[in-house]
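this is a predicted model, with the sequence first.
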Amino acid sequence: MAERIIIEGGVPLRGEVPVSGAKNAALPLMAASLLVPGKLVLENVPDLRDVQTMGRLLQYLGATCEGKGTLVVNSSDVTGWEAPYDLVKTMRASILVLGPLLARFGRAKVSQPGGCAIGARPINRHLSGLEALGANVRLEHGYVIAEADRLVGAEVVFEAPTVTGTENLIMAAVLAEGETTLVNTAREPEIVDLANALNAMGAKISGAGTGVITVQGVTSLTPVTYSVLPDRIEAGTYLIAAGVTGGTIKVVGCVPSHLRAVIDRLEKAGLHIQEGNDWVQASGSDGIRAVDVRTDPYPGFPTDMQAQFMVLMALSTGLSTITETIFEQRFMHVPELCRMGADITLSERKAVVRGVQRLSGAPVMATDLRASASLVLAGLGVENGITEISRVYHLDRGYDDLDEKLSSIGAKIWRAGG
Ligand code: EPZ
């Protein structure tokens, strides 16, 4: 039987949890290695399946990628320019090699990522942006094929923010001729991290984190050592665990300002929050109030925290509405939570959650990364009962040592099978 996670709930979790590097910063930073020959050293890289997948993709293209925690990526000998279907289908973020391959080698062939559990996730904004820089882009047999003798700087206006689309365009623009202006970009901290790393390598990027990013093309970059920023979604997940279990958890090594929208909702839900310059502590001992939440592009409430927050609302003392504005079907966790006794009704992009006294343990199935995190939180919140989560590979894509970190603050959680 495949590996499962088993949780005996009902323990108020107490203690400190260290945050790992951010998956959604590490992946573009690894892809950026394709822009620069030589040894790019990335520190504080989380040990995740997606990071391993990106490493395999870089190696497939001819780069070397060594180490764990600290990665040394060297793309000097890269001759490949094709990201094959069987690698891309396991991780949509593989699309992040499109911009760098095009910028460095003038061509790229990347399998179209296709949809996933949370939505169709098209890449049209990536492709129209690259065409604006002069690339010839066509779709053939499920692949994106992009070619350009030399990319030329231009103005690119995104119809709506896209995180990896913004990252792909930044990486394509850093070696283009002249100036590129990206308008209506995503503003996530992971984009700022990528821009900071590229500027350290000699790129000329300004405005990352705002809605307008300007890039002056340069002819080459030099590799550096760069430390990946802490994972704000991992941090937020642990803060919610404090609320769900009625415990007190101090998340250390994070950036509180990256969690502003999450902290605001947690405080309104009745959690006691304290924060320092690199830590946030949440205490959930006084019960949970129902609050409405709506996901939005950063700095709004992150869609990657929606499933986790829903568990908190499932145990609140009232009625709350959770509106998912980013993805069209990011409610795959709802049926599973309902099997644990949650009272949630869906209509279109809204989930109406009526708080219940308690959840009950049950066998449940993970469907995507953040849904699996919500099932773990629900299992921790079950007062007395066992929850068994299957398809835990979803969890291992994006959480570094989750069970060990939870065990260290008192959770009764273990793995079986596998
Ligand atoms: C990034 O995905 C993150 N992944 C996601 O995290 C996160 O949920 C998402 O941004 C939030 O916006 C990485 O950074 C690796 P988008 P991305 O392009 O870039 C639509 C996780 O759990 N869209 O910002 O793929 C799209 O369908 C993952 O760690 C287009 O229509 O997301 C979606 O509805 C899940 N056309 C919305 O925009 C495009 O060309 C936002 O997508 C691009 C996007």
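Yes, it's here.

for the ligand, what are the nearby residues on the chain?
By the rule Cβ under 6 Å from any ligand atom, the part of the chain lying against the ligand is 23-24, 27, 93, 119, 121-126, 162-165, 186, 303-304, 326-327, 369-370, 398. Placement of C-beta: from N, CA and C, glycine included.

ok, G142 touching K109?
No. With contact defined as Cβ atoms under 8 Å, G142 and K109 do not form a contacting pair (10.8 Å).

ok, of the residues of the chain next to the ligand, which come out buried?
With burial judged by 16 or more other Cβ atoms under 10 Å, the buried subset of the residues of the chain next to the ligand is 23-24, 27, 93, 123, 125-126, 162-165, 186, 303-304, 326-327, 369-370, 398.

identify each buried residue in stretch 247-260, please.
For stretch 247-260, burial by neighbour count (16+ other Cβ under 10 Å) applies to G247, T248, I249, K250, V251, G253, C254, V255, P256, H258, L259.

so in this protein, where's the weakest helix or strand by average pLDDT?
Least confident helix or strand of the chain, by mean pLDDT, DSSP states H and E, is helix 85-88 with a mean of 91.

and that one, what does it pack against?
With contacts taken as 3 or more Cβ pairs under 8 Å, 6 or more residues apart in numbering; DSSP states H and E, helix 85-88 sits against helix 49-61, strand 107-111.

can you tell me what sits against the first one?
What it means is helix 49-61. 23, 26-27, 30-31, 33-34, 45, 65, 71, 73, 75, 78-84, 87-88, 90-91, 93-94, 96-97, 101, 393, 396-398 (Cβ atoms under 8 Å, 6 or more residues apart in numbering).

helix, strand, or coil at the residue lying farthest from the centre of the chain?
In the chain, D149 marks the outermost C-alpha relative to the chain mean, sitting 32.8 Å out by Cα atoms, centre = their mean. Per DSSP: H, G, I helix; E, B strand; the rest coil, the local secondary structure of D149 is coil.

from the residues of the chain next to the ligand, which ones fall inside strands?
The members of the residues of the chain next to the ligand all map outside strands under DSSP state E.

any idea which helix or strand carries V144?
Per DSSP states H and E, V144 falls inside strand 143-147.

now that strand: mean pLDDT?
Summarised as a single mean, pLDDT over strand 143-147 is 97.

domains of this structure?
The record's domain parsing of the chain by automatic domain parsing lists 4-20+230-416, 23-227.

span of the longest one from start to end?
Domain 23-227 has an end-to-end distance of 12 Å (Cα to Cα, to the nearest Å).

same deal with the first one?
End-to-end span of domain 4-20+230-416 (Cα to Cα): 5 Å.

what residues sit buried inside the helix or strand containing T387?
Taking DSSP H and E as the criterion, T387 maps to strand 386-390. In terms of neighbour count (16+ other Cβ under 10 Å), strand 386-390 has its buried residues at T387, E388, I389, S390.

and for stretch 221-232?
Under the neighbour-count criterion of 16+ other Cβ under 10 Å, stretch 221-232 has L221, P223, V224, Y226, S227, V228, L229, P230, D231, R232 buried.

now stretch 99-117
So stretch 99-117, judged by 16+ other Cβ under 10 Å, has buried residues 99-105, 107-113, 116-117.

which of those lies closest to I7?
If you rank these by distance to I7 using Cβ to Cβ, A117 comes first, at 21.6 Å.

mind checking pLDDT for that closest one?
If you check A117, the pLDDT there is 80.

now it. Nearest residue, chain neighbours left out?
Ranked by Cβ to Cβ, 6 or more residues apart in numbering and with sequence neighbours excluded, the top spatial neighbour of A117 is D368, at 4.0 Å.

count the residues that sit near the one you found.
Applying other Cβ atoms under 10 Å, we find 23 residues neighbouring D368.

which residues are in contact with it?
D368 is in contact with C116, A117, I118, R330, M332, H394, counting by Cβ under 8 Å, 6+ apart.

shouldn't S390 be in contact with S372?
No. Between S390 and S372 there is no contact under Cβ under 8 Å: 9.7 Å.

give the intersection of the neighbour lists for those two.
A366.

can you point out the buried residues in whichever strand or helix holds L42?
Using DSSP H and E, L42 maps to strand 39-43. For strand 39-43, a neighbour-count test (16+ other Cβ under 10 Å) marks K39, L40, V41, L42 as buried.

check these against I6 and report the nearest one.
Distances from I6 to those, taken by Cβ to Cβ, are shortest for L42, at 33.8 Å.

what is the burial count for the residue lying closest to Q216 once chain neighbours are set aside?
Once flanking residues are discounted, Q216 sits nearest to K204: 3.8 Å by Cβ to Cβ, 6+ apart. K204 has 14 neighbours, counted by other Cβ under 10 Å.

who touches K204 in this structure?
Residues counted as contacts of K204 (Cβ under 8 Å, 6+ apart) are V174, V215, Q216, G217, V218.

do L34 as well
Taking Cβ under 8 Å, 6+ apart as the test, what L34 contacts is L58, L61, A63, S75, V78, V97, P100, L101, R104.

just those: which are in strands?
Among the contacts of L34, no member lies in strands (by DSSP E).

still on that earlier bit, for the residue nearest to A117, grab phi and psi.
Here is the backbone geometry of D368 (degrees, to the nearest 10): phi -160, psi 170.

mind checking pLDDT for it?
For D368, the pLDDT comes out at 92.

and for M1?
M1 is assigned 64 on the pLDDT scale.

closest one of the buried residues of stretch 99-117 to I191?
Checking the buried residues of stretch 99-117 against I191 by Cβ to Cβ gives G99 as the nearest, at 12.9 Å.

residues contacting that closest one?
Contacts of G99 by Cβ under 8 Å, 6+ apart are A31, H126, L130, E167, N168, L169, I170, M171, A172.

tell me how far it lies from P28.
According to Cβ to Cβ, to the nearest Å, G99 stands 9 Å off from P28.
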